[in-house]
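Q: Output the structure for:
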Amino acid sequence: MLDIRDLCYRYPDGTEALRAVSLAVAPGEKIALVGPNGAGKSTLLLHLNGVLRASSGVVRVDGAPVDDTTIRRVRARVGMVFQDPDDQLFSPTVFDDVAFGPIHMGLDEAEVRRRVARALEQVGMAGFEARLPHRLSLGQRKRVAVATVLSMEPALLALDEPSAGLDPRARRGLIALLQTLPQALVVSTHDMRMVAEVFPRTVVLAAGAIAYDGPSAHILADGELLERYGLERP
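A: You can find the predicted model right below:
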């Protein structure tokens, strides 16, 4: 459902962030994206639903290249969840935040309410509809941020450092959530224990290029590979 071919990206100041990245993601596949800070993980995620556009190469979703003519459909298919949930939650109530996407898809009120209820149930936040997002815990806000994209019923979720800053209980809850989601996942993370528990496939980015793409079990068992790319053994 996602096909990236020879993706290159330079920031406006000329910094080369991605170098000839090629990656294919099948429906329902769960992929961990790991590597040191500055490797290009977040930059790659931002290309998946068109927040950033390639300097060269192509990103295709369901066979269609991501461009101005497809961007609305792409963003309905690929949901982006940022590292800081406060970058995503801006409405007066949880309900309003989760309903924002479906409303702007032009859905009727009954369907919007159905999607909001379903998304909040999926993330374990049913009953929080009237709560103020900024008064929730970090773990709760991260769950609501996931719900804001689930309500659009995407086929793929792209998450940037979802376990960062969570206490152990909230982290366990997040892992349980990711294990149950039927969508394909591409998740940037430094949390190698989460990689071991959730993601059968791992992609290592180093200096903007793919250095490893294969079974998570293989790299997690290879101390030399982990050390080479600055990754911790879980």
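Q: Okay, strands next: where are they in the chain?
A: Assigned strands in the chain, in chain order: 2-10, 16-25, 30-34, 56-61, 64-65, 78-81, 156-160, 184-188, 201-206, 209-215 (criterion: DSSP state E).
Q: looking at those strands, which one has the lowest mean pLDDT?
A: Mean pLDDT is lowest for strand 64-65 out of these, coming in at a mean of 92.
Q: Which elements pack onto it?
A: For strand 64-65, not one helix or strand is in contact under the criterion 3 or more C-beta pairs under 8 Å, 6 or more residues apart in numbering; DSSP states H and E. Just so you know, the C-beta spots here come from the backbone N, C-alpha and C atoms, and that holds for glycine as well.
Q: got the contact list for it?
A: Outside strand 64-65, the residues within contact range by C-beta atoms under 8 Å, 6 or more residues apart in numbering are 58-59, 70, 73-74.
Q: how about the helices of the protein, start to end?
A: 41-48, 71-77, 94-104, 109-122, 138-150, 168-180, 192-198, 216-220, 223-228 (DSSP state H).
Q: chain center to the third one, what's the gap?
A: How far helix 94-104 lies from its chain's middle: 19 Å, per C-alpha atoms, centre = their mean, to the nearest Å.
Q: which residues touch Gly230?
A: By C-beta under 8 Å, 6+ apart, the residues touching Gly230 are 35-36.
Q: So it versus Ala206, what's the distance?
A: Gly230 sits 9 Å away from Ala206, taking C-beta to C-beta, to the nearest Å as the criterion.
Q: Show me where the protein dips below the pLDDT cut-off.
A: Low-confidence regions of the chain, defined by pLDDT under 70, are absent; no residue qualifies.
Q: Can I get stretch 177-192 in CSV, CA atoms only?
A: Extracted as CSV, the C-alpha positions of stretch 177-192 are listed here (Å, rounded to 0.1, in the frame of the first residue of the first chain):
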residue,chain,number,x,y,z
LEU,A,177,-2.6,-0.6,21.8
LEU,A,178,-0.1,-0.9,18.9
GLN,A,179,-0.2,-4.7,19.1
THR,A,180,-4.0,-4.7,18.5
LEU,A,181,-4.3,-2.1,15.7
PRO,A,182,-5.1,-3.7,12.4
GLN,A,183,-3.5,-0.9,10.4
ALA,A,184,0.0,-1.0,8.9
LEU,A,185,2.4,0.9,11.2
VAL,A,186,5.6,2.7,10.5
VAL,A,187,7.0,3.9,13.8
SER,A,188,10.1,5.9,14.5
THR,A,189,11.5,4.9,17.9
HIS,A,190,14.6,4.5,20.1
ASP,A,191,12.6,2.1,22.3
MET,A,192,14.2,-1.3,21.3
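Q: Any buried residues in that stretch, and which?
A: Residues of stretch 177-192 classed as buried under the neighbour-count rule (16 or more other C-beta atoms under 10 Å) are 177-178, 181, 183-192.
Q: Stretch 80-99 now?
A: Buried residues in stretch 80-99, counted by 16+ other C-beta under 10 Å: 80-83, 85, 88-89, 94-99.
Q: out of those residues, who's nearest Gly173?
A: In terms of C-beta to C-beta, no member of these lies closer to Gly173 than Pro85, at 14.2 Å.
Q: Test my guess that the closest one contacts Ala147.
A: No: the criterion here is C-beta atoms under 8 Å, and Pro85 misses it with Ala147 at 10.5 Å.
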